[in-house]
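Peer 1: Sharing a model prediction with you, sequence too.
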Amino acid sequence: VAVVSPSRAPRRHGIQGIKVQADLVECGEFEGFRVSSPASTWAMLGRELDVRALVVLGDSMVRVPRDARGVPLPMDRIATIDQLREAANTGRRRGAPRLRDALSLIRVGSGSPLETDFRLLASDQGLPEPELDVEIRAEGRLLGIADAVYRPFRTIVEVEGDHHRVTRAQWNRDIEKHAAYAAAGWEVVRLTSVHIRGAHPLAGAMVRSTLVRRGWRA
C-alpha cells in the first residue's frame, strides 16, 4: 500500500506500506480503488526486483493478448515499452540502473514467464534473437501462432506449459499444428520448464543444434 509523500506509510500486520514522491507515480482508479498505473508500478519495483524479474514482469505488461480466434488485441495490453521507459526516466528513482538494463531486454511477444526465461537463456548462450508470437501461414491459411521463430532457418520453438500435456483438446491441437508446420517446411523444437529452468538446462543446446543443422553459423 503506497501513500504520496509527505503522508506516512501505513504500518499494519500483513501490509507493506511505502511512501512515494508525487512526481514518481501516475495514479488512476480501478473498480473503485485508487491505484498506480502499470508502468509506475513496474518502475517502483526497480528498487526491489533484480533485472531478470523486471524483464519477466515487463514482458507480461507489454505483450499483446489475442482472442480465442488468435486475433491480436493491442488495445488490451497492460502497458507499452514507451510507457515503461517514460516511467523509468521520471525523476530520481531507486533502482534506475536496473530499470534501464531491464528495458534493453524487454520484448513484445512473450506469452508467459517461461517464454521470457527461454529468450533470456538463448541470448545468454549466444543464439540469435527470435521473432515472438508469430502467425505461421501456408498458402494464406493460418497454421498456428508460434512462441518463437527463427525465420531464416525455418525453425519454430514452442515453449510448452503443463496445459499442453493435461488438456486433451490442446494435446490433439498441438499434434495437428506441428504436423502442419512440418508439411510447410518448418522444424519444431519443443521445450518444457525442465529444458529451460532445470539444474542443467538443455534448451540452448537443443535450439542451437537445430539452427546449425538448418544453416546457421555462429
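Peer 2: Received the coordinates, thanks.
Peer 1: buried stuff in the longest helix along the chain?
Peer 2: What stands out as the longest helix in the chain, according to DSSP state H, is helix 168-183. Across helix 168-183, burial judged by 16 or more other C-beta atoms under 10 Å covers 174, 177-178, 180-181. The way it works is simple: take the backbone N, C-alpha and C, and place the C-beta from them, glycine included.
Peer 1: In its sheet, which strands sit next to the helix or strand that it is followed by, and in what direction?
Peer 2: Using DSSP states H and E, the helix or strand that follows helix 168-183 in sequence is strand 187-191. Here strand 187-191 is paired, per DSSP bridges, with strand 155-159 (parallel).
Peer 1: Sketch out the low-pLDDT regions of the protein for me.
Peer 2: Low-confidence segments of the chain, defined by pLDDT under 70: 162-166.
Peer 1: Pretty sure residue 144 sits against residue 182.
Peer 2: No. Using C-beta atoms under 8 Å, residue 144 is not in contact with residue 182; the gap is 11.7 Å.
Peer 1: and the strand ranked longest in the chain, what other elements does it pack with?
Peer 2: With secondary structure taken from DSSP state E, the chain has its longest strand at strand 141-150. Strand 141-150 sits against helix 113-124, strand 131-138, strand 155-159, helix 168-183, with contacts defined as 3 or more C-beta pairs under 8 Å, 6 or more residues apart in numbering; DSSP states H and E.
Peer 1: which residues are contacting the first one?
Peer 2: Just to be clear, that refers to helix 113-124. Here helix 113-124 makes contact (C-beta atoms under 8 Å, 6 or more residues apart in numbering) with 52, 55-56, 59-60, 105, 107, 110, 129-130, 132, 147-148, 157, 159, 161, 191, 193, 196-197, 201, 203-204, 207.
Peer 1: before we move on, the earlier item: TSV for the helices and strands packed on strand 141-150, including distance to residue 10?
Peer 2: Compiled in TSV, these are given as follows (distance: least, C-beta to C-beta, whole Å):
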stretch	distance to residue 10
helix 113-124	30
strand 131-138	40
strand 155-159	40
helix 168-183	44
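Peer 1: which residues touch residue 42?
Peer 2: By C-beta under 8 Å, 6+ apart, the contact list for residue 42 reads 54, 57-58, 61, 79, 84, 87-88.
Peer 1: Turn the buried ones among the contacts of helix 113-124 into a named ChimeraX selection, would you?
Peer 2: The buried residues among those can be selected in ChimeraX (16+ other C-beta under 10 Å) with this line:
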select :55,56,59,60,105,107,110,130,132,147,148,157,159,191,193,196,201,203,204,207
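Peer 1: Let's see which of the contacts of helix 113-124 end up in helices.
Peer 2: Per DSSP H, helices hold the following members of those: 52, 55-56, 59-60, 193, 196-197, 203-204, 207.
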